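> One predicted model, sequence on top.
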Amino acid sequence: MSSTPTITDPTTWALDREIVLVRVLDATREAVFAAWTDADSFCQWFGPDGFTCTVHEMDVRPGGRARFDLTSGDGTLYTNRFDYLDVVPVERLVLDHGSDTDDDPARFRVTITLDEQGDGKTVLTLRQLHPTVERREAVIGFGAVELGLQTMQKLAHHLEVD
């Protein structure tokens, strides 16, 4: 049995198991969505500072999968997998994120929403729902919030340059 949180409504959250990151980006929703869904674009920005990215597969559709590696500055390899549950172009992505193994007990649900601001800007909201309170505390403890904010900063820079 999978340890991925089971929810039927992606707007229903357990506050004690979630992490929420928000960033206003100086780019259209179309550009932000493309950054998340185009394999070449994705690896130009995804991951914390000092990490590189290699995509092995990116099939962005409900039931699709992305498989990619993040490599730290010291050469440590982290396998990653997104299993896409819901894809609404330029509005929302819902996916399960974990290592590139089946039944990863650390897998968590991610909902990414893109809200247009009318001035060419987009509010990116990234919600992580972890399977347990303890798992949420563990990822916060190793720096997930700071690393996530670094990744969002890299996305902002990527969108400015693009």
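Perfect, thanks for sending it.
> confidence score at the one residue sitting closest to the centre of the chain?
The residue lying closest to the centre of the chain (Cα atoms, centre = their mean) is Val110, at 6.3 Å. What the model reports as pLDDT for Val110 is 98.
> and it, helix, strand or coil?
Counting by DSSP: H, G, I helix; E, B strand; the rest coil, the backbone at Val110 sits in strand.
> now swap in Pro131 and tell me
coil.
> how close does it get to Val87?
22 Å (Cβ to Cβ, to the nearest Å). For the C-beta atoms, the positions are set from N, CA and C on the backbone; glycine is no exception.
> what about the longest helix in the protein?
Criterion DSSP state H: the longest helix present in the chain is helix 144-161.
> And for that helix, what's in contact with it?
19, 21, 23, 25-27, 31-32, 35, 41, 44-49, 124, 126, 128 (Cβ atoms under 8 Å, 6 or more residues apart in numbering).
> Which ones among those residues lie within strands?
Among these, the subset assigned to strands under DSSP state E consists of 19, 21, 23, 25, 124, 126, 128.
> just to revisit the earlier point, and the longest helix of the chain with strand 18-25, angle?
Interaxial angle of helix 144-161 relative to strand 18-25 (axes from the mean of the first three to the mean of the last three Cα atoms, to 10 degrees): 20 degrees.
> Helix 144-161 - what's its average pLDDT?
95.
> In that helix, which residues are buried?
144, 148, 150-152, 154-156, 158-159 (16 or more other Cβ atoms under 10 Å).
> Out of these, give me the two with the largest separation.
The distance between the two most remote of the buried residues of helix 144-161 (Cβ to Cβ) is 22.3 Å, for Ala144 and Leu159.
> In the chain, where is pLDDT below threshold?
For the chain, residues meeting the criterion pLDDT under 70 lie at 1-13, 162.
> Helices along that one, start to end?
So, for the chain - with DSSP H - the helices run 29-37, 39-45, 133-141, 144-161.
> now for the third one, which elements pack on it?
Looking back up the chat, that one is helix 133-141. Using 3 or more Cβ pairs under 8 Å, 6 or more residues apart in numbering; DSSP states H and E as the contact test, the elements touching helix 133-141 are strand 18-25.
> Quick one: distance of the strand it packs on to the chain centre.
10 Å (Cα atoms, centre = their mean, to the nearest Å).
> and what of stretch 114-121?
20 Å.
> Stretch 151-162 too?
With Cα atoms, centre = their mean as the basis, stretch 151-162 stands 14 Å off its chain's centre.
> ok, now stretch 82-93?
11 Å.
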